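>>> let me see the structure of the following:
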Amino acid sequence: MHELHPLVGLRLEGRVALVTGSSRGLGKAIATLLAKLGAKVVVNCFNNIAMGQGVVDEIIEDGGQALLVAGDVMDQAEIQRMAEEIESHWGGVDILVTNATPAQPMKLVGDYDWSEYQSMNDAFVKSPFLLAQRFLPGMKAGKWGRIVQITSEVFHEGMPEFSAYVAAKGAQVGWSRSMANELAGEGITVNCVAPGWIPVERHDCVPQEAKDAYVKTIPIGHWGTPQDVAWAVAWFASHEAGFLTGQTLIVNGGRSLH
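Residues are numbered from 1 along each chain as shown. You can find the predicted model right below:
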């Protein structure tokens, strides 16, 4: 296992972490960091099986523990099958990171149809609900659990021409706050990490002028990285963050200070 900085005290040995949508991008960075910190990591993907296995292989080659469990995290039967597979290997899930996302169309509100809104709600409300419902009994039995939702700065900024995504992300934040209150006495925390625009593979087709315009709005003066988001998740997932719940950490280089 590659060495971390000696001042990094966060350790996750003995914990099982499921990171949805972790075959690439932010999810891959989160999965690999949690593994470096000692967690047994369940890598999840829907279509990119080879890429998901590549993440598992990378973690194992680095000395960590990982398992690929592919499946649709918006389908209750699929979640049940995945849960049984995880439990047969490692028992229950202690750390649930909801990162999976569908395509995110940008349109004027009059140009959307409801199916696009429903797709966003399925990804950011239905999926976290079904996953939590399945894994919360085990967390409650152990009196310890961490749910970390990957939300977005767009909810806090009210980004225009993105209403389907913004609305669903707002619902995701609201659900997290309600669950934080509901589960606080059970030793289970629920928090959100809200990244700004962090360029990953799916942004390769974005015009360079759009990227240049965005980076000029970041007070810190440079792009964030997937690792910046991963460290925020790792903190919320840690034992040390057990007194933090119902919070949203916005990882965008200070843009939300405007």
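>>> all contacts plus neighbour counts: C-alpha atoms, from now on.
Fine.
>>> how about the strands in the stretch 101-250 of the chain?
Assigned by DSSP state E, counting those that start in this stretch, the strands in the stretch 101-250 of the chain fall at 145-150, 188-195, 248-251.
>>> ranges for the helices of this structure?
Using DSSP state H, the helices of the chain run over residues 25-36, 49-61, 76-90, 114-121, 127-142, 153-157, 163-183, 208-215, 226-237.
>>> which residues does the shortest one contact?
For helix 153-157, the external contacting residues (Cα atoms under 8 Å, 6 or more residues apart in numbering) are 166, 167, 169, 170, 194, 195, 196, 250, 251, 252, 256.
>>> now the third one
The contact list for helix 76-90 (Cα under 8 Å, 6+ apart) reads 16, 42, 69-73, 92-93, 130-131, 134-135.
>>> pull the most distant pair out of the residues you listed.
16 and 72 (19.5 Å; Cα to Cα).
>>> which one's more surrounded, those two?
residue 16 (25 against 18; other Cα atoms under 10 Å).
>>> could you identify which of the helices of the chain has the lowest mean pLDDT?
Mean pLDDT is lowest for helix 208-215 among these, at a mean of 82.
>>> quick one: residues contacting residue 148.
Counting by Cα under 8 Å, 6+ apart, residue 148 has contacts 95, 96, 97, 98, 190, 191, 192, 193, 233, 236, 237.
>>> which residue sits closest to the last one, ignoring its sequence neighbours?
Beyond its immediate neighbours in the sequence, the residue positioned closest to residue 237 (Cα to Cα, 6 or more residues apart in numbering) is residue 146, lying 5.5 Å away.
>>> next: the fourth one.
Nearest residue to residue 98, sequence neighbours excluded (Cα to Cα, 6+ apart): residue 149, at 4.9 Å.
>>> the one you found: neighbouring residues, count only.
As a burial measure, residue 149 scores 25 neighbours (other Cα under 10 Å).
>>> same check on the one 10 residues further on?
Neighbour count of residue 159, defined by other Cα under 10 Å: 12.
>>> count residues in the vicinity of the residue nearest to it when sequence neighbours are not counted, would you?
In space, and not counting its chain neighbours, residue 159 is closest to residue 166: 7.1 Å by Cα to Cα, 6+ apart. Other residues near residue 166 come to 23 when the count uses other Cα under 10 Å.
>>> over to residue 84?
13.
>>> tell me the spacing between it and residue 92.
9 Å (Cα to Cα, to the nearest Å).
>>> try residue 256
For residue 256, the distance to residue 92 equals 36 Å [Cα to Cα].
>>> out of the two, which sits in the more crowded spot?
Higher neighbour count among residue 256 and residue 92: residue 92, with 23 against 15, using other Cα under 10 Å.
>>> isn't that one right up against residue 16?
Yes. At 7.2 Å, residue 92 and residue 16 qualify as touching, with contact defined as Cα atoms under 8 Å.
>>> hmm, back to that, the residue nearest to residue 237 reaches residue 189, doesn't it?
Yes. Judged on Cα under 8 Å, residue 146 makes contact with residue 189 at a distance of 5.1 Å.
>>> with neighbour numbers in mind, choose between these two.
A direct count of neighbours by other Cα under 10 Å for residue 146 and residue 189 places residue 189 higher, at 29 against 25.
>>> show me the contacts for that one.
Residue 189 makes contact with 145, 146, 147, 180, 183, 242, 244, 245, 246 under the criterion Cα under 8 Å, 6+ apart.
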